[in-house]
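J.: Okay, structure incoming, though there's no sequence with it:
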């Protein structure tokens with residue numbers, strides 16, 4: 001719950017085998033990257049356990065019921081490339097540039113309007129349970145918060161002045 005409730009994006013970086021709970025924690029991240037030597041496996045059925053750590057919540061939502069069911073019941077290993085194709089993760093990088101690419105993307109995200117990123121994460125979390133009407137109302141409420149932020153004012157000023165914005169996260 002901490003991964004989902006923190007008002008900052010959580011980046012998952014998988015550079016090896018993510019098995020069982022490790023795979024499911026990776027699925028709970030906001031954006032997950034993997035090196036092409038990484039793999040994912042729902043290994044629970046091979047040892048007489050059930051998927052945990054949120055896997056039964058996130059995996060079907062990411063890849064659909066049938067594929068999630070098969071991966072969890074059969075315990076098939078999924079390569080990083082397959083995970084990207086299935087929609088389990090966002091992007092795959094070669095091992096030799098993996099750390100640099102993930103670090104670069106994390107630095108880029110840190111320079112974005114973090115207040116708006118946190119509000120976006122809040123909206124995405126709420127979308128799992130809200131009706132369309134509830135989601136639209138929450139969007140309206142949180143858009144007012146975003147529009148009253150200093151980051152919004154800075155973003156508009158930077159756009160008008162044709163310069164890079166300097167967001168402060170407030």
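T.: Great, that's in hand. Here the structure is a predicted model, which is why all the values come from computation and not from measurement.
J.: The residue lying closest to residue 130 once chain neighbours are set aside: how many residues sit nearby?
T.: With sequence-adjacent residues excluded and distances taken as CB to CB, 6 or more residues apart in numbering, residue 130 is closest to residue 138, at 6.7 Å. From N, CA and C alone the C-beta is placed, and that goes for glycine too. Residue 138 has 16 neighbours, counted by other CB atoms under 10 Å.
J.: how far out from the middle of the chain is the helix ranked longest in the chain?
T.: For the chain, the helix with the greatest residue count under DSSP state H is helix 132-147. The chain centre lies 21 Å from the centre of helix 132-147; the measure is CA atoms, centre = their mean, to the nearest Å.
J.: what packs against that helix?
T.: For helix 132-147, the contact count by 3 or more CB pairs under 8 Å, 6 or more residues apart in numbering; DSSP states H and E identifies helix 114-126 as packing neighbours.
J.: Need the pLDDT of residue 169.
T.: In this model, residue 169 is scored at 87, pLDDT.
J.: Three-state assignment for it, please.
T.: Secondary structure state of residue 169, per DSSP: H, G, I helix; E, B strand; the rest coil, is coil.
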